[in-house]
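Asks: just a sequence and a predicted model for now, questions to come.
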Amino acid sequence: MYIEREIESVIKAYLDQFKVVLVTGARQVGKTTMLKHTLPPAFAYISLDDLELLSRVRGDSALFFLEHDLPLAIGEIQYAPELFMRIKHIVDAKSEKGLIVLTGSQTHHLMKNVSESLAGRVGVLEMSSFSLREVLGHLRHEPFVPHLIKQEDQPAIPFNLWTHIQRGSMPELADAAIDPYAYYSSYVRTYIERDVRDLVKVRNESIFYDFMVACAARTGQLLNATDIASTVGVDVTTVQGWLSVLQSSGVVHILRPFFSNTNKRLSKTPKLYFLDTGLACHLAAWNSPEALRRGAMAGHMFETFVVSEVLKSYMNTGRDMRAVSFYRDARKREIDLIIQEGNILHPVEIKAASTVSKDAVKNFRALEDIAGYETGFGSVICQTEKPYLLTESIQAIPVQAI
């Protein structure tokens, strides 16, 4: 059964605005399935995963477009960078919008080719694995921004949170018959053998796997490349390069701290988050929901899940994820998330508990020290079943409210 994706409406809007639309995202997040469901019937879909087709494309890219009429969707475009300049010449000769849709899972190379060949002609969207909104069928078509939620406006949608976190959000795992351990084992092997080999020279693939495990064990924490390098047995420069691979492949997100030029005391160290908690749990060997819920990483994995859901709400609505950051200053006052709307900063705290007190939001006052910004409505995202106010401008809300 097809599950409606929140990004569908954005795809349709981009087809009316741009000649070329590029959809990026990690492997197996459902890009092809979504496009086949969303694009008009006139679109044909071609995937460059087909080695015979790829060989012909590389041999004569002009012939490829003589054989295929527009409009056209081309999957895994990163395998044929020679097509970008050809696409530029084709769309420049036409006035219509929505001519070509591209997909790819390696933004590192993709964006370089896009910026060189298709600047001003292409709309770029990033797609993730299922969001909780999509799984529960409660689409909002807007990014998450803290606001007052009335209890009657928040439907009670029962689901097993820790099973969902531990199992992950990959579309294929929506089938309860599929074993997540076997799925993620295959996923990691395929990812390393295909994407990683294309992006970096890895002499020993087991070391890169150890690197992924080390990152998963640190999800939801400040990024310490030196610590990871020491654990894996490589140098810091290698870790930094490999982190960029994970990020460009849509596996992790490096969350930047909020920084104001008027406040030099703010931390510059980013935080590391996996975008799919099922993959993080697999790598960190949390193989059951109950073990995860009671384990040492419960708080970090809950925070990872919440942050990934917030980020997905921005990706799926075509909004800039740079609006999401975190706060940490020299006095060690921390705020898990800052959602920025212009000069308004909305503070968000993330707690794995089901009930929270006013003490959980004491650091929100730190935002008052930042000149030129106002403090907006704040939220504490936790395991409560119903939203409730902590103060007039701060509310505890359930995960489903994201």
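Replies: Nice, I can see it.
Asks: what is the end-to-end distance of stretch 373-387?
Replies: With Cα to Cα, to the nearest Å applied, stretch 373-387 spans 27 Å between its terminal residues.
Asks: revised request: answer the last question for stretch 319-339.
Replies: Length of stretch 319-339, first residue to last, Cα to Cα: 12 Å.
Asks: list of residues touching it?
Replies: The contact list for stretch 319-339 (Cβ atoms under 8 Å, 6 or more residues apart in numbering) reads 143-146, 222, 253, 255-259, 263, 265-267, 269, 271, 303, 307, 310-311, 314-315, 340-341, 345-350, 363-364, 366-367, 376. (Glycine included, C-beta is placed from N, CA and C.)
Asks: now, those that are in helices?
Replies: Among the contacts of stretch 319-339, the subset assigned to helices under DSSP state H consists of 303, 307, 310, 311, 314, 315.
Asks: report the two of the residues you listed separated the most.
Replies: Greatest spatial distance in those: 303 and 315, 18.4 Å, computed using Cβ to Cβ.
Asks: hang on, residue 316 packs against residue 10?
Replies: Yes: using Cβ atoms under 8 Å, residue 316 makes contact with residue 10 at a distance of 7.2 Å.
Asks: for residue 321, see how far away residue 342 is.
Replies: 16 Å (Cβ to Cβ, to the nearest Å).
Asks: these two - which one has more neighbours?
Replies: residue 321 (17 against 9; other Cβ atoms under 10 Å).
Asks: pLDDT-wise, which helix or strand of this protein ranks last?
Replies: helix 107-117 (a mean of 73; mean pLDDT, DSSP states H and E).
Asks: the following helix or strand past it - contacts with which helices or strands?
Replies: Note on helix 107-117: by DSSP states H and E, the next helix or strand toward the C-terminus is strand 122-127. Where contact means 3 or more Cβ pairs under 8 Å, 6 or more residues apart in numbering; DSSP states H and E, strand 122-127 is packed against helix 8-17, strand 20-25, helix 107-117, helix 298-315.
Asks: and with 6 Å instead?
Replies: Contact partners of strand 122-127 among helices and strands, from 3 or more Cβ pairs under 6 Å, 6 or more residues apart in numbering; DSSP states H and E: strand 20-25.
Asks: give me the buried positions along the following helix or strand past the strand it packs on.
Replies: Going down the chain from strand 20-25, the next helix or strand is helix 31-38, by DSSP H and E. Going by neighbour count (16 or more other Cβ atoms under 10 Å), the buried part of helix 31-38 is 31, 32, 34, 35, 38.
Asks: output helix 31-38 as PDB, restricted to C-alpha atoms.
Replies: Provided in PDB are the C-alpha atoms of helix 31-38 (Å, rounded to 0.1, in the frame of the first residue of the first chain):
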ATOM      1  CA  LYS A  31      12.400   8.700  -4.300                       C
ATOM      2  CA  THR A  32      11.500   6.500  -7.300                       C
ATOM      3  CA  THR A  33       8.200   5.200  -5.800                       C
ATOM      4  CA  MET A  34       7.100   8.700  -4.900                       C
ATOM      5  CA  LEU A  35       7.900  10.200  -8.300                       C
ATOM      6  CA  LYS A  36       6.200   7.300 -10.200                       C
ATOM      7  CA  HIS A  37       3.100   8.000  -8.000                       C
ATOM      8  CA  THR A  38       3.300  11.800  -8.300                       C
END
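Asks: now the helix or strand sitting right after it along the chain: average pLDDT?
Replies: As assigned by DSSP H and E, the chain's next helix or strand after helix 31-38 is strand 44-47. Strand 44-47 carries an average pLDDT of 94.
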